[in-house]
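A.B. asks: sequence? don't have it. structure:
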Ligand code: MN
Ligand code: MN
């Protein structure tokens, strides 16, 4: 079927019918969910076999409400195939604090909207404070204590990524929890003050709580033993993207964001009609977060297995190592999503480049394509292409 026609037909209620195959649904049905997943309803003819589920939406995650914000997570509990990376979508009101805490996994984050102040210290007493806005990242190594506080008129919303698919934001070491489980005489001894100093500490954990808005960053500066050797924040959107016909890509790994030793990311923008080219990753699984637009991804899992999924803003995708995949923009607006990897570096192998850089007679013996097809492939990798 013509792809252009297929796109424009999308708003119409679809039935599981393709040519002579299939039939209408006459039993119970959920038209809204079915409309979100047109390529599950009528899989492309190349789909085959039993590929595991590779999609989750934060809209289906438990929402943890608190005074000062909320959080919801996508872990291996929600998306069992994704064992290397877990994600949390979190919102903080102006002044709302994700309380001072630390945890077993390293934390990488992308600011989706608004402003926040982040703080941390490292094991050598270096102190870190910064204000982060849309498109900024942060990275806190495992065990490093930190905090996040919403700023501005409407606080902030961000994506947290952890380098362990089984990590839960509900399993963190909280300042309030630590204090509540330490006897008052021990606290008095630890700080060299009277026990009465701790009469008003919280009896249970705060997790997220409402606090007064802080002053300007300069007034919140604490020098400690000096700045952290590698900054825990990075301005990803300020990074010059690789631009090409069909979109743009920013790749941020530890070669640019030095502190981010275990998470690498690509921010991919695909214009309508364009696609993230057919490729795979030679190092690790991929974990995706869709920021805006509408997408269709087909994943080739080898041995006669392939499956197609649909994505929109707030959805999570997963691609197990080293399955081939491509992501099409099937909407009318720019598609923007993050590719995230539990690695110190980003790496991908391009199908087009593989064919270009292999003796063409050999490729042609496999595929029976004209030499002009191979000659037309650019030498440089084109992560995003347009038809
Ligand atoms: Mn954290
Ligand atoms: Mn990929």
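C.D. replies: Alright, I've got the coordinates. Everything numeric here is computed off the predicted structure, so don't read it as measured data. Numbering: from 1, shown residues only. Ligands and ions are numbered 1, 2, ... in the order given.

A.B. asks: middle-most residue in this protein, spatially?
C.D. replies: Central residue of the chain (CA atoms, centre = their mean): residue 289, 3.9 Å from the mean position.

A.B. asks: so that residue sits in a helix?
C.D. replies: No: Residue 289 sits outside any helix when classified using DSSP: H, G, I helix; E, B strand; the rest coil, being strand.

A.B. asks: please, which helix or strand holds the residue lying closest to it once chain neighbours are set aside?
C.D. replies: Once flanking residues are discounted, residue 289 sits nearest to residue 338: 4.6 Å by CB to CB, 6 or more residues apart in numbering. In short, each C-beta sits where N, CA and C put it, glycine included. For residue 338, the host element (DSSP states H and E) is strand 335-341.

A.B. asks: and residue 361, by the same measure?
C.D. replies: helix 360-367.

A.B. asks: hang on, the earlier thing: got a list of what the residue nearest to the centre of the chain touches?
C.D. replies: 87, 110, 159, 161, 315, 316, 337, 338, 340 (CB atoms under 8 Å, 6 or more residues apart in numbering).

A.B. asks: nearest to residue 351 among the residues you listed?
C.D. replies: residue 337 (19.6 Å; CB to CB).

A.B. asks: pretty sure that closest one sits against residue 314.
C.D. replies: No: Residue 337 lies out of contact with residue 314 (CB atoms under 8 Å); the separation is 10.9 Å.

A.B. asks: low-confidence ranges in the protein?
C.D. replies: Along the chain, segments meeting pLDDT under 70 span 1-12.

A.B. asks: now the helices for the stretch 1-150 of the chain?
C.D. replies: 3-9, 31-36, 38-41 (DSSP state H, counting those that start in this stretch).

A.B. asks: in stretch 177-196, what counts as buried?
C.D. replies: Going by neighbour count (16 or more other CB atoms under 10 Å), the buried part of stretch 177-196 is residue 177.

A.B. asks: contacts for it?
C.D. replies: 197, 198, 201, 202, 203, 204, 205.

A.B. asks: filter these to the buried ones?
C.D. replies: Of the contacts of stretch 177-196, these count as buried by 16+ other CB under 10 Å: 198, 205.

A.B. asks: distance to residue 271 and secondary structure added to the contacts of stretch 177-196, as CSV?
C.D. replies: What follows is the contacts of stretch 177-196, written out as CSV (distance: CB to CB, whole Å; DSSP: H, G, I helix; E, B strand; the rest coil):
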residue, distance to residue 271, secondary structure
197, 60, helix
198, 58, helix
201, 54, coil
202, 50, coil
203, 54, coil
204, 50, coil
205, 45, coil
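
A.B. asks: closest one to residue 223 out of the contacts of stretch 177-196, please.
C.D. replies: residue 197 (25.4 Å).

A.B. asks: any idea how far that closest one is from residue 386?
C.D. replies: Residue 197 sits 65 Å away from residue 386, going by CB to CB, to the nearest Å.

A.B. asks: show me what residue 326 is bridged to.
C.D. replies: For residue 326, the beta-bridge partners are residue 298 (DSSP bridges).

A.B. asks: and it, how many neighbours?
C.D. replies: Counted with other CB atoms under 10 Å, residues neighbouring residue 326 total 17.

A.B. asks: for it, give its distance to residue 373.
C.D. replies: Where residue 373 is concerned, residue 326 sits at a distance of 17 Å (CB to CB).

A.B. asks: what do you get for residue 238?
C.D. replies: Counting by CB to CB - residue 238 and residue 373 are separated by 38 Å.

A.B. asks: ok, which stretches of the stretch 251-387 of the chain are helices?
C.D. replies: 351-356, 360-367, 371-375.

A.B. asks: which other helices and strands contact the second one?
C.D. replies: Contact here means 3 or more CB pairs under 8 Å, 6 or more residues apart in numbering; DSSP states H and E; on that basis helix 360-367 packs against helix 371-375.

A.B. asks: relative to residue 279, how far out is the residue lying closest to residue 319 once chain neighbours are set aside?
C.D. replies: In space, residue 319 comes closest to residue 286 once its chain neighbours are excluded; the distance is 4.0 Å by CB to CB, 6+ apart. For residue 286, the distance to residue 279 equals 10 Å [CB to CB].

A.B. asks: circling back to that earlier point, distance to residue 49 and neighbour count for the contacts of residue 289 - can I get that in CSV?
C.D. replies: Formatted as CSV, the contacts of residue 289 follow (distance: CB to CB, whole Å; neighbours: other CB atoms under 10 Å):
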residue, distance to residue 49, neighbour count
87, 27, 30
110, 33, 24
159, 31, 22
161, 29, 26
315, 23, 23
316, 22, 28
337, 25, 26
338, 28, 23
340, 26, 27
